[in-house]
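S.K.: The following block contains a protein sequence and its predicted model.
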Amino acid sequence: FSAEKAPPYFRPRIIALAFAQADIEAIRMHPAKWYSDRGITLRLDSSVNAFDAGRCSVATAGGEESFDGLVLAAGAGPVLSGFAAMAPERVLPLWRADNADTIRSLLRPGGSVAVIGGGAIGIETAVRSAGAGFTTSIIEKAADLGSGRLMQPASSVLRRRLSEKGVKVMVCAAVSRAEPLPDGRVR
């Protein structure tokens with residue numbers, strides 16, 4: 001059961017999907033035949049609303065289904081800051097394939113992308129954005145990129161490399177609001 005419409009895919013690769021550098025087929029874990037050959041039925045676009053371990057059943061919008069064993073692999077969702085609610089059509093998480101599709105549909109040649117967060121995913125997003133021709137900035141509240149994972153000298157090298165790729169890096173910077181503009185951009 002998956003709430004997503006797309007078959008299982010490698011989640012880190014959705015960054016390439018967002019910038020039209022890959023399609024959903026390129027990031028899928030397996031072709032559809034792989035599942036059917038193994039007796040696996042994919043229930044896509046099908047959230048599990050509840051499960052009853054005693055009765056060995058799951059409840060979805062489509063009804064109830066029994067199971068012999070249950071693997072709960074729910075993962076975690078993105079945490080959006082309060083400012084995201086100020087421009088929900090333009091301040092988007094890059095968490096699922098449908099998020100990547102929405103981002104790709106909103107991007108216009110010559111446009112700009114602000115990446116909030118200078119961790120590994122934010123850095124890759126910025127590199128792919130710049131590589132796709134967008135004016136790109138990373139906004140990171142910590143004093144260095146990869147804070148807590150990289151030592152300052154490594155972070156400095158990373159900042160220089162990003163700058164060489166045309167990425168503007170802002171550290172010790174936090175976003176407190178997102179103001180939608182009439183032309184669809186956000187300030």
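M.R.: It's in.
S.K.: Every contact and neighbour count from this point should use C-alpha atoms.
M.R.: Noted.
S.K.: Okay, helices next: where are they in the protein?
M.R.: Under the criterion DSSP state H, the chain carries helices at the ranges 14-18, 24-27, 32-37, 97-106, 120-131, 152-164.
S.K.: Quick check: the gap between residue 152 and residue 120.
M.R.: Noted for residue 152: a distance of 15 Å to residue 120, by C-alpha to C-alpha, to the nearest Å.
S.K.: the more surrounded of those two?
M.R.: residue 152 (15 against 12; other C-alpha atoms under 10 Å).
S.K.: Might one say that that one is in contact with residue 142?
M.R.: No - Residue 152 lies out of contact with residue 142 (C-alpha atoms under 8 Å); the separation is 11.5 Å.
S.K.: any weak-confidence spans in this structure?
M.R.: By pLDDT under 70, the chain has no low-scoring segment.
S.K.: Tell me where the protein has strands.
M.R.: Using DSSP state E, the strands found in the chain span residues 48-52, 57-60, 63-66, 112-116, 135-139, 167-170.
S.K.: so which of those strands comes closest to residue 16?
M.R.: strand 112-116 (14.3 Å; C-alpha to C-alpha).
S.K.: Tell me the strands beside that closest one, with direction?
M.R.: When pairing is defined by DSSP bridges, strand 112-116 lines up against strand 135-139 (parallel).
S.K.: coming back round to it: would you turn the helices of the chain into TSV with distance to residue 89?
M.R.: Output for these, formatted as TSV (distance: least, C-alpha to C-alpha, whole Å):
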stretch	distance to residue 89
helix 14-18	15
helix 24-27	22
helix 32-37	32
helix 97-106	9
helix 120-131	19
helix 152-164	28
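S.K.: To residue 180, which of those lies closest?
M.R.: helix 97-106 (13.9 Å).
S.K.: Let me know how buried residue 92 is, in neighbour terms.
M.R.: Residue 92 is flanked by 16 other residues according to other C-alpha under 10 Å.
S.K.: Now do the contacts for it.
M.R.: 84, 99, 103 (C-alpha atoms under 8 Å, 6 or more residues apart in numbering).
S.K.: Next: residue 118.
M.R.: With C-alpha under 8 Å, 6+ apart, residue 118 has these contacts: 138-140, 144-147.
S.K.: what's the distance between residue 106 and residue 184?
M.R.: From residue 106 across to residue 184, the span is 9 Å (C-alpha to C-alpha).
S.K.: quick one: which of the helices of the chain is nearest residue 112?
M.R.: helix 120-131 (8.6 Å).
S.K.: Report how many residues lie close to the residue lying closest to residue 104 once chain neighbours are set aside.
M.R.: In space, and not counting its chain neighbours, residue 104 is closest to residue 18: 4.9 Å by C-alpha to C-alpha, 6 or more residues apart in numbering. When counting by other C-alpha under 10 Å, one arrives at 26 neighbours for residue 18.
S.K.: Residue 18 and residue 106 touch, don't they?
M.R.: No - look at residue 18 against residue 106 with C-alpha under 8 Å: they stay out of range, at 9.8 Å.
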